[in-house]
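Peer 1: quick one, what's the 3D model for this:
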Amino acid sequence: MKKIFIFILGGICFLYGHAYADIVSMDEIVNNFDKSYLVSEFNKLDFKMKISLDKSNSKLNLISDDDVFASFDYKNDYIEYDNENVEINDESVFNNFAAIIYFEGIMETLFNLIGYKDMTLKYDELGKELSEEFYNTYGFYIKSEPYEYTDENGSTSGDFCRYLKLSLDSEKISKLVEKYGVDVNDGNVVESNDKMPTISVDNITTDSITVYATVNSSESDMSKKFFCAIYRSSSADGEYELVSDFQVNCSDGVGFVDTDLQSGTTYYYKAITVGGSKYSDVISATTLNNDVKNDKNVSDNPKTGLNKIYFAFGCGIISLIMSIIILIYHNKVKSSAM
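Peer 2: Next comes the predicted model:
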(Lines give C-alpha, C1' and ligand atoms only; values in the text may rest on other atoms or scores of the structure.)
Protein backbone atom coordinates (compact mmCIF):
# COMPACT_ATOMS: atom_id res chain seq x y z
CA MET A 1 0.00 0.00 0.00
CA LYS A 2 2.85 2.35 0.86
CA LYS A 3 4.51 1.65 -2.51
CA ILE A 4 1.26 2.34 -4.34
CA PHE A 5 0.83 5.64 -2.48
CA ILE A 6 4.39 6.71 -3.31
CA PHE A 7 3.85 5.74 -6.95
CA ILE A 8 0.61 7.73 -7.17
CA LEU A 9 2.18 10.73 -5.41
CA GLY A 10 5.14 10.60 -7.75
CA GLY A 11 2.82 10.45 -10.75
CA ILE A 12 0.88 13.48 -9.52
CA CYS A 13 4.09 15.43 -9.01
CA PHE A 14 5.27 14.49 -12.49
CA LEU A 15 2.00 15.55 -14.10
CA TYR A 16 1.90 18.77 -12.11
CA GLY A 17 5.47 19.61 -13.01
CA HIS A 18 4.91 18.73 -16.66
CA ALA A 19 1.78 20.86 -16.83
CA TYR A 20 3.39 23.98 -15.43
CA ALA A 21 7.10 23.74 -16.16
CA ASP A 22 6.55 24.78 -19.79
CA ILE A 23 5.01 28.12 -18.83
CA VAL A 24 7.53 30.96 -18.44
CA SER A 25 6.61 33.15 -15.46
CA MET A 26 6.05 36.89 -15.64
CA ASP A 27 8.63 37.37 -12.88
CA GLU A 28 11.22 35.72 -15.13
CA ILE A 29 10.25 38.04 -17.99
CA VAL A 30 10.61 41.16 -15.83
CA ASN A 31 13.87 40.06 -14.20
CA ASN A 32 15.53 39.29 -17.54
CA PHE A 33 14.06 42.06 -19.70
CA ASP A 34 17.22 44.17 -19.71
CA LYS A 35 19.25 41.19 -20.96
CA SER A 36 17.53 41.05 -24.35
CA TYR A 37 19.48 42.32 -27.32
CA LEU A 38 17.01 45.06 -28.16
CA VAL A 39 16.74 46.44 -24.63
CA SER A 40 20.47 46.26 -23.97
CA GLU A 41 21.13 48.25 -27.16
CA PHE A 42 18.63 50.90 -26.05
CA ASN A 43 20.12 51.11 -22.58
CA LYS A 44 23.61 51.64 -23.97
CA LEU A 45 22.23 54.96 -25.19
CA ASP A 46 20.54 55.73 -21.86
CA PHE A 47 16.98 55.13 -23.11
CA LYS A 48 16.12 53.33 -19.85
CA MET A 49 13.55 50.80 -21.05
CA LYS A 50 11.94 49.11 -18.03
CA ILE A 51 8.93 46.96 -17.23
CA SER A 52 7.26 46.09 -13.92
CA LEU A 53 4.41 43.95 -12.66
CA ASP A 54 1.20 45.24 -11.14
CA LYS A 55 0.11 41.87 -9.80
CA SER A 56 -3.06 43.14 -8.15
CA ASN A 57 -4.41 44.19 -11.55
CA SER A 58 -2.57 41.64 -13.71
CA LYS A 59 -0.82 44.42 -15.61
CA LEU A 60 2.67 44.51 -17.10
CA ASN A 61 3.66 48.19 -16.97
CA LEU A 62 5.85 49.75 -19.65
CA ILE A 63 8.17 52.39 -18.22
CA SER A 64 10.14 55.14 -19.97
CA ASP A 65 12.15 57.64 -17.91
CA ASP A 66 10.47 56.27 -14.77
CA ASP A 67 6.97 57.00 -16.12
CA VAL A 68 4.41 54.31 -16.93
CA PHE A 69 3.08 55.20 -20.39
CA ALA A 70 1.20 51.98 -21.23
CA SER A 71 0.57 48.47 -19.94
CA PHE A 72 -0.12 44.98 -21.20
CA ASP A 73 -2.58 42.57 -19.62
CA TYR A 74 -1.32 39.16 -18.63
CA LYS A 75 -2.70 35.81 -17.53
CA ASN A 76 -0.94 32.67 -16.38
CA ASP A 77 0.03 31.63 -19.91
CA TYR A 78 -0.05 34.71 -22.16
CA ILE A 79 0.48 38.47 -22.52
CA GLU A 80 -1.87 40.64 -24.55
CA TYR A 81 -2.11 44.23 -25.76
CA ASP A 82 -5.71 45.25 -26.51
CA ASN A 83 -6.32 48.47 -28.44
CA GLU A 84 -9.66 47.55 -29.98
CA ASN A 85 -11.49 50.58 -28.58
CA VAL A 86 -8.70 53.16 -28.69
CA GLU A 87 -9.24 56.25 -30.85
CA ILE A 88 -6.49 56.76 -33.40
CA ASN A 89 -4.85 60.16 -32.94
CA ASP A 90 -1.37 61.64 -32.63
CA GLU A 91 -0.83 60.53 -29.04
CA SER A 92 -2.25 57.01 -29.41
CA VAL A 93 -0.23 56.36 -32.58
CA PHE A 94 3.08 57.13 -30.91
CA ASN A 95 2.20 55.27 -27.72
CA ASN A 96 1.23 52.37 -29.96
CA PHE A 97 4.61 52.42 -31.71
CA ALA A 98 6.45 52.56 -28.41
CA ALA A 99 4.44 49.71 -26.94
CA ILE A 100 5.27 47.52 -29.94
CA ILE A 101 8.96 48.11 -29.39
CA TYR A 102 8.59 47.02 -25.77
CA PHE A 103 6.63 44.01 -26.97
CA GLU A 104 9.55 43.06 -29.20
CA GLY A 105 11.88 43.32 -26.18
CA ILE A 106 9.55 41.11 -24.13
CA MET A 107 9.41 38.57 -26.92
CA GLU A 108 13.20 38.47 -27.23
CA THR A 109 13.39 37.99 -23.46
CA LEU A 110 11.01 35.04 -23.73
CA PHE A 111 13.13 33.55 -26.52
CA ASN A 112 16.25 33.90 -24.36
CA LEU A 113 14.60 32.20 -21.40
CA ILE A 114 13.67 29.10 -23.38
CA GLY A 115 17.13 28.80 -24.94
CA TYR A 116 16.98 30.88 -28.13
CA LYS A 117 19.43 33.67 -27.38
CA ASP A 118 19.36 36.93 -29.36
CA MET A 119 16.66 35.77 -31.74
CA THR A 120 13.92 37.75 -33.44
CA LEU A 121 11.34 36.82 -36.07
CA LYS A 122 11.22 36.95 -39.87
CA TYR A 123 8.17 39.19 -39.94
CA ASP A 124 7.99 39.35 -43.71
CA GLU A 125 7.16 35.63 -43.69
CA LEU A 126 5.01 35.81 -40.56
CA GLY A 127 2.75 38.52 -41.93
CA LYS A 128 1.27 36.17 -44.49
CA GLU A 129 0.15 33.60 -41.95
CA LEU A 130 -0.94 35.36 -38.75
CA SER A 131 -4.39 34.41 -37.51
CA GLU A 132 -6.10 33.19 -34.36
CA GLU A 133 -5.49 29.64 -35.56
CA PHE A 134 -1.81 30.49 -35.95
CA TYR A 135 -1.73 31.47 -32.27
CA ASN A 136 -3.01 28.06 -31.21
CA THR A 137 0.06 26.44 -32.77
CA TYR A 138 2.78 29.07 -32.54
CA GLY A 139 1.67 31.29 -29.65
CA PHE A 140 1.77 34.62 -31.50
CA TYR A 141 -1.02 36.79 -32.93
CA ILE A 142 -1.27 40.36 -34.16
CA LYS A 143 -4.11 42.37 -35.69
CA SER A 144 -3.74 45.86 -37.15
CA GLU A 145 -5.54 48.36 -39.33
CA PRO A 146 -4.31 51.10 -41.68
CA TYR A 147 -4.73 54.72 -40.61
CA GLU A 148 -4.19 58.17 -42.03
CA TYR A 149 -4.80 61.55 -40.44
CA THR A 150 -3.64 65.14 -40.78
CA ASP A 151 -2.70 67.55 -38.01
CA GLU A 152 -0.68 70.75 -37.70
CA ASN A 153 2.51 68.80 -38.44
CA GLY A 154 1.23 67.31 -41.69
CA SER A 155 -0.12 63.95 -42.82
CA THR A 156 0.70 60.72 -41.02
CA SER A 157 -0.18 57.21 -42.14
CA GLY A 158 0.72 53.66 -41.30
CA ASP A 159 -0.76 50.66 -39.52
CA PHE A 160 -2.18 50.82 -36.00
CA CYS A 161 -1.84 47.73 -33.83
CA ARG A 162 -5.26 46.79 -32.49
CA TYR A 163 -4.33 43.56 -30.75
CA LEU A 164 -1.23 41.57 -29.83
CA LYS A 165 -1.03 38.27 -28.01
CA LEU A 166 2.05 36.29 -26.99
CA SER A 167 1.91 32.89 -25.35
CA LEU A 168 4.20 32.02 -22.45
CA ASP A 169 4.02 28.33 -23.36
CA SER A 170 7.58 27.35 -24.21
CA GLU A 171 6.43 24.51 -26.47
CA LYS A 172 4.45 26.87 -28.72
CA ILE A 173 7.15 29.53 -28.71
CA SER A 174 9.80 26.95 -29.57
CA LYS A 175 7.78 26.02 -32.65
CA LEU A 176 7.52 29.71 -33.54
CA VAL A 177 11.27 30.33 -33.28
CA GLU A 178 12.23 27.09 -35.01
CA LYS A 179 10.12 27.98 -38.04
CA TYR A 180 10.32 31.79 -38.17
CA GLY A 181 13.27 32.74 -35.99
CA VAL A 182 16.38 34.57 -37.13
CA ASP A 183 19.42 35.82 -35.27
CA VAL A 184 19.09 39.54 -34.55
CA ASN A 185 22.40 40.15 -36.32
CA ASP A 186 21.09 38.47 -39.47
CA GLY A 187 17.93 40.55 -39.65
CA ASN A 188 17.31 43.99 -41.12
CA VAL A 189 18.73 45.94 -38.20
CA VAL A 190 22.41 46.67 -38.42
CA GLU A 191 24.90 47.87 -35.87
CA SER A 192 27.56 49.91 -37.58
CA ASN A 193 30.91 50.95 -36.23
CA ASP A 194 32.13 52.63 -39.41
CA LYS A 195 29.14 54.57 -40.73
CA MET A 196 29.13 58.31 -40.08
CA PRO A 197 25.65 59.81 -40.52
CA THR A 198 24.88 63.17 -42.04
CA ILE A 199 22.30 65.45 -40.46
CA SER A 200 19.76 68.06 -41.61
CA VAL A 201 16.81 69.96 -40.16
CA ASP A 202 13.37 71.02 -41.36
CA ASN A 203 9.90 72.14 -40.17
CA ILE A 204 11.21 74.73 -37.73
CA THR A 205 8.60 76.41 -35.52
CA THR A 206 8.77 78.65 -32.47
CA ASP A 207 9.23 75.65 -30.16
CA SER A 208 10.27 72.66 -32.29
CA ILE A 209 12.83 71.52 -34.87
CA THR A 210 12.62 68.33 -36.95
CA VAL A 211 16.01 66.65 -37.27
CA TYR A 212 16.95 64.07 -39.92
CA ALA A 213 19.94 61.76 -39.59
CA THR A 214 20.92 59.85 -42.73
CA VAL A 215 23.35 57.04 -43.46
CA ASN A 216 24.52 56.72 -47.04
CA SER A 217 24.46 52.96 -47.58
CA SER A 218 26.69 51.12 -49.99
CA GLU A 219 25.17 48.78 -52.54
CA SER A 220 25.78 45.81 -50.23
CA ASP A 221 23.95 47.61 -47.42
CA MET A 222 20.82 48.52 -49.37
CA SER A 223 18.65 45.85 -47.75
CA LYS A 224 19.79 46.76 -44.22
CA LYS A 225 18.46 49.28 -41.73
CA PHE A 226 20.59 51.78 -39.83
CA PHE A 227 19.48 53.61 -36.69
CA CYS A 228 20.85 56.75 -35.09
CA ALA A 229 20.75 58.64 -31.81
CA ILE A 230 20.46 62.44 -31.92
CA TYR A 231 22.22 64.83 -29.52
CA ARG A 232 21.65 68.55 -28.89
CA SER A 233 23.67 71.40 -27.38
CA SER A 234 23.17 75.12 -26.80
CA SER A 235 26.58 75.86 -28.34
CA ALA A 236 28.68 74.30 -31.08
CA ASP A 237 31.48 73.27 -28.73
CA GLY A 238 29.34 72.77 -25.63
CA GLU A 239 28.13 69.64 -23.89
CA TYR A 240 25.71 67.57 -25.99
CA GLU A 241 22.83 65.64 -24.44
CA LEU A 242 20.82 62.80 -25.91
CA VAL A 243 17.43 64.16 -26.98
CA SER A 244 15.99 61.30 -29.05
CA ASP A 245 14.18 59.03 -26.61
CA PHE A 246 14.21 56.43 -29.36
CA GLN A 247 16.57 55.32 -32.08
CA VAL A 248 15.77 57.17 -35.31
CA ASN A 249 15.61 55.21 -38.56
CA CYS A 250 18.41 56.84 -40.56
CA SER A 251 18.01 54.59 -43.60
CA ASP A 252 14.53 55.76 -44.65
CA GLY A 253 14.49 59.50 -43.99
CA VAL A 254 12.50 59.41 -40.77
CA GLY A 255 12.67 62.65 -38.78
CA PHE A 256 12.86 63.28 -35.06
CA VAL A 257 10.81 66.21 -33.72
CA ASP A 258 12.66 68.01 -30.93
CA THR A 259 9.98 69.82 -28.93
CA ASP A 260 9.57 72.24 -25.99
CA LEU A 261 12.31 74.55 -27.28
CA GLN A 262 12.70 78.29 -26.64
CA SER A 263 11.67 80.68 -29.42
CA GLY A 264 14.36 82.65 -31.22
CA THR A 265 17.09 80.34 -29.89
CA THR A 266 19.89 78.58 -31.77
CA TYR A 267 20.44 74.88 -31.12
CA TYR A 268 23.21 72.56 -32.31
CA TYR A 269 22.72 68.91 -33.29
CA LYS A 270 24.83 65.88 -34.12
CA ALA A 271 24.04 62.18 -34.62
CA ILE A 272 25.72 58.79 -34.29
CA THR A 273 24.74 55.34 -35.55
CA VAL A 274 23.70 52.72 -33.01
CA GLY A 275 26.82 50.84 -31.98
CA GLY A 276 28.95 53.34 -33.89
CA SER A 277 31.83 55.61 -32.91
CA LYS A 278 31.68 58.38 -35.53
CA TYR A 279 29.51 61.43 -34.93
CA SER A 280 28.09 63.45 -37.79
CA ASP A 281 29.19 67.00 -38.42
CA VAL A 282 27.32 69.52 -36.29
CA ILE A 283 24.38 71.45 -37.72
CA SER A 284 22.68 74.45 -36.16
CA ALA A 285 19.10 75.68 -36.37
CA THR A 286 17.29 78.63 -34.82
CA THR A 287 13.69 78.43 -33.70
CA LEU A 288 11.32 81.12 -34.99
CA ASN A 289 10.49 84.20 -33.00
CA ASN A 290 6.91 84.33 -31.79
CA ASP A 291 6.09 87.06 -34.31
CA VAL A 292 7.45 85.08 -37.29
CA LYS A 293 5.05 82.70 -38.99
CA ASN A 294 6.96 80.06 -40.93
CA ASP A 295 10.29 81.13 -42.44
CA LYS A 296 13.07 78.59 -42.09
CA ASN A 297 16.14 79.76 -40.22
CA VAL A 298 18.69 77.05 -40.82
CA SER A 299 22.45 77.13 -40.89
CA ASP A 300 23.58 74.05 -42.82
CA ASN A 301 27.02 72.75 -42.04
CA PRO A 302 28.95 73.21 -45.28
CA LYS A 303 30.71 69.89 -44.74
CA THR A 304 27.54 67.86 -45.09
CA GLY A 305 26.26 69.22 -48.41
CA LEU A 306 22.98 67.52 -47.48
CA ASN A 307 19.67 68.55 -48.95
CA LYS A 308 16.53 68.15 -46.92
CA ILE A 309 15.07 64.70 -47.30
CA TYR A 310 11.41 63.84 -47.41
CA PHE A 311 9.99 60.34 -47.59
CA ALA A 312 6.54 58.92 -47.06
CA PHE A 313 6.40 57.13 -43.73
CA GLY A 314 3.82 54.45 -44.41
CA CYS A 315 5.33 51.36 -42.85
CA GLY A 316 2.97 48.67 -41.63
CA ILE A 317 2.92 47.26 -38.16
CA ILE A 318 4.89 44.19 -39.19
CA SER A 319 7.65 46.16 -40.89
CA LEU A 320 7.74 48.47 -37.86
CA ILE A 321 8.53 45.57 -35.53
CA MET A 322 10.91 44.17 -38.11
CA SER A 323 12.80 47.44 -38.28
CA ILE A 324 12.99 47.44 -34.47
CA ILE A 325 13.62 50.38 -32.28
CA ILE A 326 12.44 53.37 -34.21
CA LEU A 327 10.99 55.11 -31.21
CA ILE A 328 10.38 55.00 -27.49
CA TYR A 329 7.71 57.41 -26.25
CA HIS A 330 7.61 61.12 -25.44
CA ASN A 331 8.86 62.47 -28.77
CA LYS A 332 7.51 62.22 -32.30
CA VAL A 333 8.69 60.74 -35.54
CA LYS A 334 7.56 62.45 -38.72
CA SER A 335 8.29 62.29 -42.39
CA SER A 336 6.31 63.65 -45.31
CA ALA A 337 6.14 63.05 -49.01
CA MET A 338 8.12 65.45 -51.13
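Peer 1: which residue ranges form the helices in this protein?
Peer 2: Per DSSP state H, the chain carries helices over the ranges 2-21, 26-32, 37-44, 90-113, 123-126, 132-138, 170-180, 317-323.
Peer 1: buried ones in stretch 65-77?
Peer 2: Buried residues in stretch 65-77, defined by neighbour count with 16 or more other Cβ atoms under 10 Å: 69, 70, 71, 72, 74. No exception for glycine: its C-beta is placed from N, CA and C like everyone else's.
Peer 1: mind listing what the fourth one touches?
Peer 2: Taking Cβ atoms under 8 Å, 6 or more residues apart in numbering as the criterion, residue 72 is in contact with 59, 60, 62, 79, 80, 81, 99, 103, 106, 164.
Peer 1: what would the residues you listed look like in a markdown table with pLDDT, neighbour count and distance to residue 171?
Peer 2: Shown next, in a markdown table, are these (pLDDT from 0 to 100; neighbours: other Cβ atoms under 10 Å; distance: Cβ to Cβ, whole Å):
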| residue | pLDDT | neighbour count | distance to residue 171 |
| --- | --- | --- | --- |
| 59 | 96 | 16 | 26 |
| 60 | 96 | 24 | 22 |
| 62 | 93 | 26 | 27 |
| 79 | 97 | 20 | 16 |
| 80 | 95 | 15 | 19 |
| 81 | 94 | 23 | 22 |
| 99 | 89 | 21 | 26 |
| 103 | 92 | 20 | 21 |
| 106 | 94 | 25 | 18 |
| 164 | 92 | 23 | 20 |
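Peer 1: domains in this structure, by residue range?
Peer 2: Per automatic domain parsing, the structural domains of the chain span 20-185, 189-334.
Peer 1: residue 291 and residue 113, how far apart?
Peer 2: Shown here: residue 291 relative to residue 113, a distance of 58 Å by Cβ to Cβ, to the nearest Å.
Peer 1: same question, residue 33
Peer 2: Counting by Cβ to Cβ, the gap from residue 33 to residue 113 is 10 Å.
Peer 1: so which of the two has more stuff around it?
Peer 2: Neighbours per residue (other Cβ atoms under 10 Å) separate residue 33 from residue 113, with residue 33 holding more: 23 against 20.
Peer 1: can you tell me the closest non-neighbouring residue to residue 206?
Peer 2: Using Cβ to Cβ, 6 or more residues apart in numbering and skipping the chain neighbours, the partner closest in space to residue 206 is residue 263 (4.2 Å).
Peer 1: what about the one you found, how many neighbours?
Peer 2: Residue 263: 14 neighbours (other Cβ under 10 Å).
Peer 1: wait, it touches residue 287, no?
Peer 2: Yes. Using Cβ atoms under 8 Å, residue 263 is in contact with residue 287, at 5.3 Å.
Peer 1: what is in contact with the two at once?
Peer 2: Contacts common to residue 263 and residue 287, judged by Cβ under 8 Å, 6+ apart, are 206, 207.
Peer 1: picking up where we left off before, so which of the buried residues of stretch 65-77 is the closest to residue 47?
Peer 2: residue 69 (13.0 Å; Cβ to Cβ).
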